[in-house]
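In: Using only what follows, build the 3D model:
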Amino acid sequence: MVQEESPVTEVIVVSDGTGETCAAAVRAAMLQFQAPWRLRIFGGIRHEAELRRVMARAGEVRALVVFSLVEGRIVAALQQEAERLGVATVDLLGPLIAKVAQRLHTEPRHQPGLLHGFTDDYFKRVEAVEFAVRHDDGANQKTLHEAEIVLTGVSRTSKTPLSMYMAQRGYKTGNIPIVPHVDPPRVLLEMDPRKIFGLVIDPTKLKPLRQARVRAIGSRTYTSSYTDNEAMKTEIERARRICRQRGWKLVDVGGRAVEENATRIIELYQQDPPGA
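Out: Numbers count the residues shown, from 1 in each chain. Next up is the predicted model:
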């Protein structure tokens, strides 16, 4: 006898913002179950016509609809459509907002999209993330001078994760590796040294990171010097020397989380910003 596969449950998120907060709650809840499921996110829902199209989809696949909507008219329309189509729904924000209003003795604003509003700060962070992606690992050096912060260091010193994290904080960040037996690129040498931060790490902490990298990519192209203790020590000392000679600030990234290292770099940057 052939056992039938369990049907895939579709969960539809409906939000007047990005939907990511609601989706995160759904993912957290679904971790408690081993049944197959699929998530679809419909963000920026502000009009009844958009809502009806989403609910029609939910009705077709018998989806569970989880929504985070704050405008009463749209919430009422969703509930009406759900009842008509026989669709199960979960109101993620409504009960919480009602309780808070009761506690504060005041009416909520009912203004959609406040959490991820399109402020100047939002657009600055988006631009910074795009810049970090374009200028990762030495790419697009002709426009690297537009960076606010540039990270450099030997392989596996968290240049990319730090660049992306600081971009999320709104700083245009690029990164360029320091390669053994190769001089730093001209763009670094001509840049304001206050923009540049040299990332260093103890060889004993670097070795497991490099070994994990080799295992992850399954590559045999790396020479033994990539994980050799003496070679790494020489490589890191050379990087330190280059940074000191050029006046670049040194940041030891060993044994700290990306968030901690990023905070340290931003503090140093703010203490002595370029052009000050």
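In: Now do the helices in the stretch 101-250 of the chain.
Out: For the stretch 101-250 of the chain, helices defined by DSSP state H, counting those that start in this stretch occupy the ranges 120-134, 159-168, 186-189, 203-217, 229-246.
In: Burial-wise, tell me which of those comes out on top.
Out: Greatest average neighbour count among the helices of the stretch 101-250 of the chain goes to helix 159-168 (a mean of 22), per mean count of other C-beta atoms under 10 Å. Placement of C-beta: from N, CA and C, glycine included.
In: helices or strands up against the lowest-mean-pLDDT helix or strand in the chain?
Out: Lowest mean confidence among the helices and strands of the chain (mean pLDDT, DSSP states H and E): helix 120-134, at a mean of 82. Counting contacts by 3 or more C-beta pairs under 8 Å, 6 or more residues apart in numbering; DSSP states H and E, helix 120-134 packs against helix 159-168, strand 173-177.
In: export the helices of the stretch 101-250 of the chain to TSV and tack on distance to Ala23?
Out: Output for the helices of the stretch 101-250 of the chain, formatted as TSV (distance: least, C-beta to C-beta, whole Å):
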stretch	distance to Ala23
helix 120-134	19
helix 159-168	18
helix 186-189	40
helix 203-217	28
helix 229-246	41
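In: Can you name the residues that contact the closest residue to Pro273 other than its chain neighbours?
Out: Distances taken as C-beta to C-beta, 6 or more residues apart in numbering place Arg194 nearest to Pro273, at 6.8 Å, with adjacent residues excluded. Counting by C-beta atoms under 8 Å, 6 or more residues apart in numbering, Arg194 makes contact with 249, 269, 272-274, 276.
In: pLDDT weak spots in the stretch 51-200 of the chain?
Out: The stretch 51-200 of the chain contains residues with pLDDT under 70 at 110-120, 122.
In: what's the neighbour count on Pro274?
Out: As a burial measure, Pro274 scores 14 neighbours (other C-beta atoms under 10 Å).
In: Tell me the spacing between it and Ala98.
Out: Remark: distance between Pro274 and Ala98 (C-beta to C-beta, to the nearest Å) = 50 Å.
In: residues in contact with the helix or strand hosting Glu260?
Out: Using DSSP states H and E, the element containing Glu260 is helix 258-271. With contact meaning C-beta under 8 Å, 6+ apart, helix 258-271 is reached by 148-149, 151, 158, 161-162, 165-166, 169, 171, 194, 197, 199, 249, 251, 253, 256.
In: Report the buried residues of it.
Out: Residues 261-262, 264-266, 268-269 are the ones in helix 258-271 that count as buried (16 or more other C-beta atoms under 10 Å).
In: ok and it relative to strand 173-177, angle-wise?
Out: In terms of direction (axes from the mean of the first three to the mean of the last three C-alpha atoms, to 10 degrees), helix 258-271 departs from strand 173-177 by 110 degrees.
In: what mean pLDDT does helix 258-271 have?
Out: Averaged over helix 258-271, pLDDT sits at 93.
In: List the contacts of the closest residue to Trp248 other than its chain neighbours.
Out: Using C-beta to C-beta, 6+ apart and skipping residues adjacent in sequence, the residue nearest Trp248 is Ile196, 4.3 Å away. For Ile196, the contact set (C-beta under 8 Å, 6+ apart) comprises 150-152, 188, 243, 246, 248-249.
In: before we move on, what about Gly275?
Out: Asp192 are the contacts of Gly275 under C-beta under 8 Å, 6+ apart.
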